[in-house]
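[1] got a sequence here, can you build the structure:
(chains A and B)
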Amino acid sequence: MLKITAYADRLLEDLKLVDWPTSTLEMQKNWIGRSVGAEVDFTLADQKGAIRVFTTRPDTLFGATYMVLAPEHPLVDVVVSNKQKTAVQTYREASAKKSDLQRQELEKEKTGVFTGGYAVNPVNGEQLPIWIADYVLMSYGTGAIMAVPAHDERDWAFARQYALPIREVIAGGTVQEAAFTETNRGTVVNSATSDDAFSINGLTPDKAIPKITEWLEKQGKGIQAVNYKLRDWLFARQRYWGEPFPIVWVDGDARPLPEERLPLVLPETHNFKPSGTGESPLANLTEWLTTTDPVTNKPARRETNTMPQWAGSCWYYLRFIDPKNSTHLLDPAKERYWMPVDLYIGGSEHAVLHLLYARFWHKVLFDIGVTSTPEPFMKLVHQGIVLGEDNQKMSKSRGNVVNPDEMIDQFGADAVRLYEMFMGPLEAMKPWSTRGVEGVTRFLDRVWRVMVDEQGRLSSSVVPTAPSLDHERLLHQTIKKVTEDIEALRFNTAISQMMIFTNEMTKAQARPRAVIEPFVLLLSPFAPHLAEELWGLLGHHPSVSQQPWPTFDPAMTVGEHMTIPIQVNGRLRAKIEVPTEAVREDIERLARAEAAEWLQGKEPKKVIYVDKKLFNFVV
RNA sequence: GCCGGAGUGGCGGAAUAGGCAGACGCAAGGGACUUAAAAUCCCUCGGGCUCACAAGGCCCGUACCGGUUCGAUCCCGGUCUCCGGCACCA
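    Numbering: from 1, shown residues only, chains lettered A, B, ... in the order given. Below is the predicted model of the structure:
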């Protein structure tokens, strides 16, 4: 067992430190499932002892009409009456046979049995019948609840099923028809002690909760408590494939192997079959199994459980930094240089398990000084999956599987890579289109023809002369777009800009080196093989990948003219072309002339001008 | 049921601190080149108009209904659909 629950609060709290998709943050929060409430003791009416319950709604304590224990709860044997013993026993056996899955699937009808015992409500002294029911889980909270059918849907359904009383303590709903569960509206009623020493009547539930919690604490009847859905992590599997634990058993005690005996590796074998005893297959490998304790030299037996598949994925990103280090997990200097991971691209199927387990290990390693950051992965992006051409999930049974190797054989690695980036946003799920790959292949062919002639030599259209202003502007616009889009992972729009550039160059008679060469550099992360080839043909030798990234001049990214749309009452009526440096007065004169037909000689009520963007006349 | 995300041409998708909807690509149609085809190059390409000889013009259109605004794919309220997650967690 790994005590991940000890880290629950930090795992929740530190989600604030990372830049992750909201859906993933939500999933992690829900998975941890922190809830604040109170633990309250209900003393048993006819025996010594008390039932401790956890509730997030102590404000409804006066509305409790019965108690429920999980069937496995140890107090069941204490409270059960002689008369009810058989019924309780039968129910316990039946629910023990149900798997967790069955208990969840058969959720429609709630079932339970009265135990014959009673507990006392600490706030009003009422005797409440104690039931057992499998809608209460032993593994959450205290395994016991106070049931408030008026204000809890599950208790309401159960009360209806077994004709138990429903008592309203929050006015605002119609509790005979449905449970009223809102905490931010409604008014507490019927909730005062008989001597009137304490009352929460008249409050809204969210105000009543802290008040009654405080009172319970003062009276020694309850205490504020926090519960989590997150469970401790069963970290053992009975399989061969998995890291073995460096533990030996001596006289019934587990002892860790000393560090110099690490790493412990799996023994080689052909026998991976289950041991037959419930232990892992390692239990049958006697030679490996029997050993001596290196500390005491006593005979010892190795631990036969292995680690689950998540073990390696919890720290691989650390080991990748320093994979050959034989004395440490990794060199602290390298750790400080590389960590944390700036960008983690991975499937959303890992939103909870891997990404929560890895964060947990990272924090443990942080606490013992191995890592220097509280969180391992700063920015997280989930890439979308590629669907088949029929827009369905790829699967053999549907026969819509596309094999990337075949595509690479047919179109080349650059084209397939480029198409995958061009098909749409990185995070989106999108269908494969072999036609689309053909389109991208045409683009790469066109890039080639812009620079290379029929004989495979540098084209004579590539010239050392100075580029035209238009070409230079286009280059700067392209550098800007591609640079910014790469930064934001918008590869699809970066590629469309390169297509626009290439379409222009195709039309041009002369293609100056001063624009062609930077373009090849822009293309290189997208189509590295082609770019390398072109860079060589252009007569350069150090690899294209070692060139500095091109920079742009913002002044060069704006054109000589701009188009200003003219609106009348917000409807587009005309467009005018003006020089980029034109001022409002000049533009307005032209705009009024264009809009004259709609203005009908009258002065507009209002004139809206958005600088260099648009004119709108309100009449 | 609850939580999160998304609905834009025939298709994949562009464009949001509210300001020209449909960039780029695919498919389709037309043309040039060719004996012919492929390849290539050029043009058209949301819908409607008993508007126009034409250049062009007008109306509708970003899932649906309503609101805010001079102006809404974008903001607000409601509805529907799809995708992902959770599912008796007191």
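[2] domain ranges for chain A?
    A:35-227, A:247-302, A:404-555, A:560-618 (automatic domain parsing).
[3] and those domains, which one's lowest on average pLDDT?
    Lowest mean pLDDT within the domains of chain A: domain A:560-618, at a mean of 87.
[4] that one: end-to-end distance?
    29 Å (Cα to Cα, to the nearest Å).
[5] next one: it to chain centre, how far?
    48 Å (Cα atoms, centre = their mean, to the nearest Å).
[6] and stretch A:448-467, by the same measure?
    Relative to the centre of its chain, stretch A:448-467 is centred 49 Å away, using Cα atoms, centre = their mean.
[7] in it, what's buried?
    Buried residues in stretch A:448-467, defined by neighbour count with 16 or more other Cβ atoms under 10 Å: A:450-452, A:458-459, A:461-462, A:467. Placement of C-beta: from N, CA and C, glycine included.
[8] which members of the residues you listed are the farthest-apart pair?
    Greatest spatial distance in the buried residues of stretch A:448-467: A:Val452 and A:Pro467, 19.3 Å, computed using Cβ to Cβ.
[9] where along the stretch 101-250 of chain A do the strands fall?
    Per DSSP state E, counting those that start in this stretch, the stretch 101-250 of chain A carries strands over the ranges A:112-120, A:127-133, A:144-147, A:170-171, A:187-188, A:222-227, A:247-250.
[10] pick the most deeply packed of these.
    Among the strands of the stretch 101-250 of chain A, ranked by average contacts under mean count of other Cβ atoms under 10 Å, first place goes to strand A:144-147 (a mean of 25).
[11] pairing partners for that one, with directions?
    Here strand A:144-147 has these sheet partners by DSSP bridges: strand A:66-69 (antiparallel).
[12] any idea how far the partner strand is from the middle of the chain?
    36 Å.
[13] what's the helix or strand for A:Tyr317?
    Per DSSP states H and E, A:Tyr317 falls inside helix A:316-319.
[14] beyond that helix, next helix or strand please.
    With DSSP H and E setting the assignment, the helix or strand that follows helix A:316-319 is helix A:332-338.
[15] CA atoms only for that next one, dumped as CSV, please.
    The C-alpha trace of helix A:332-338 is given here as CSV (Å, rounded to 0.1, in the frame of the first residue of the first chain):
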residue,chain,number,x,y,z
PRO,A,332,20.9,16.9,-8.7
ALA,A,333,22.6,19.5,-11.0
LYS,A,334,21.0,17.9,-14.0
GLU,A,335,17.7,17.8,-12.2
ARG,A,336,17.8,21.5,-11.4
TYR,A,337,18.8,22.3,-15.0
TRP,A,338,16.0,20.3,-16.7
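[16] list the helices and strands the helix or strand that comes right after that helix packs on?
    Note on helix A:332-338: by DSSP H and E, the next helix or strand toward the C-terminus is strand A:341-345. For strand A:341-345, the elements it packs on are strand A:377-381, judged by 3 or more Cβ pairs under 8 Å, 6 or more residues apart in numbering; DSSP states H and E.
[17] contact partners of the strand it packs on?
    With contacts defined as Cβ atoms under 8 Å, 6 or more residues apart in numbering, strand A:377-381 is touched by A:18-21, A:24, A:317, A:340-346, A:355, A:358-359, A:426-427, A:489.
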